[in-house]
Every structure is written in structure tokens, then in C-alpha cells.
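Student: Requesting a structural model of the entry that follows:
(one chain, ligands or ions: 1)
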Amino acid sequence: MHRTKYILDHAFYCTQCGRRGIPIARKRCREEGHLKRLYCVHCERVVNHVECVPNSKYDENTFMEEFTSGNFDEDGMRRIPLSQWKQERNKALVLSEESRLDNVEITDWFSIFGIDADEDAQAE
Ligand SMILES: [Zn+2]
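Tutor: Numbers count the residues shown, from 1 in each chain. Model prediction:
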């Protein structure tokens, strides 16, 4: 029953200009990130749009990430499948998280154990 209130929230985003297209009421969810050919008022032609569903695995934020990462070609087709793109994105997120931890690691651990970083470096 809670699903029904999201039906009208489905939004289609243009794979060419990244802007929100004409709202369409959907009776039920398609697969995540579903592509549909629609007329884009900004591009003034029929192009692929991606279906975004709020609070789902593919919402507007996911689309903006995929759009800005350049995963849609001039025909509005995905360069790599959505599932693969998500894996690549998650890998990138893990890597950036790891490098972020690397950056804070040294000074944090030194201060936790009361090690003087400068003195340690000179001893070597
Ligand atoms: Zn467009």
C-alpha cells in the first residue's frame, strides 16, 4: 500500500541533457534505471530517458552520478551495463574512502600512542 504514493513521483531524466523530462504516471516499477524513449522538450527530439524512482535503488542522485560519469552515449545507450557501472562506482567509493583513511592514519595513530613523528623520522 505504501508503494502507491510513489507512483506519481516517477521521473524520467534525459540521457542527453540530464534534465528532468515530462512526468509520467507508472502503474508499477520496471527494472531499476529503466530506459525509455521520450520526447525531451530541452533537446527538442525523442531521446532515451532514465526512469528514476525516489527512495529506490535508482533515484535522481544515482542518475546524476551516472550521467556526469559519462555512461550514456549520443544515442542514450549505456556504455557499460548499469550493474557493472554500479560495481565500478562502488569500487571507486571504496578506493576514495581508503585513501581518505590513509591520509588521517599516520598523524592520528601517532597522537594516539604519543609518538613524536619528527623525532621518529630523524632516528631513521
Ligand atoms: Zn534532453
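Student: only C-alpha atoms for contact and neighbour calcs from this point on.
Tutor: OK.
Student: list the buried ones in the longest strand seen in the chain?
Tutor: Determined from DSSP state E, the single longest strand within the chain is strand 45-52. Using 16 or more other CA atoms under 10 Å as the test for burial, strand 45-52 gives 47, 48, 49, 50, 51, 52.
Student: from these, which single one is nearest the ion?
Tutor: Sorting the buried residues of strand 45-52 by distance to the ion puts residue 47 at the head of the list, at 7.1 Å, by CA to the ion.
Student: who's that closest one bridged to?
Tutor: Beta bridges link residue 47 to residue 38 when assigned by DSSP bridges.
Student: Just the closest of the buried residues of strand 45-52 to residue 62, please.
Tutor: residue 52 (8.3 Å; CA to CA).
Student: pretty sure the closest one is touching residue 64, no?
Tutor: No. Look at residue 52 against residue 64 with CA atoms under 8 Å: they stay out of range, at 10.3 Å.
Student: Okay, domains of this protein per the record?
Tutor: 1-79, 80-124 (automatic domain parsing).
Student: Save those domains as CSV, and put in mean pLDDT too.
Tutor: Output for the domains of the chain, formatted as CSV (pLDDT from 0 to 100):
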stretch, mean pLDDT
domain 1-79, 86
domain 80-124, 72
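Student: right, so those: which one is the most enclosed?
Tutor: domain 1-79 (a mean of 16; mean count of other CA atoms under 10 Å).
Student: Report whether it contacts the ion.
Tutor: Yes. Residues of domain 1-79 contacting the ion under CA under 5 Å from the ion: 14, 17, 40, 42, 43.
Student: ok, so of these, who is nearest residue 69?
Tutor: residue 17 (13.2 Å).
Student: Would you verify that residue 100 is located in a strand?
Tutor: No. Residue 100 is assigned helix when assessed by DSSP: H, G, I helix; E, B strand; the rest coil, not a strand.
Student: what's the most distant pair in the buried residues of strand 45-52?
Tutor: Checking the buried residues of strand 45-52 with CA to CA, the most distant pair is 47 and 52, at 15.7 Å.
Student: residues in contact with stretch 38-48?
Tutor: 14-17, 19, 21-22, 35-37, 49, 75-77 (CA atoms under 8 Å, 6 or more residues apart in numbering).
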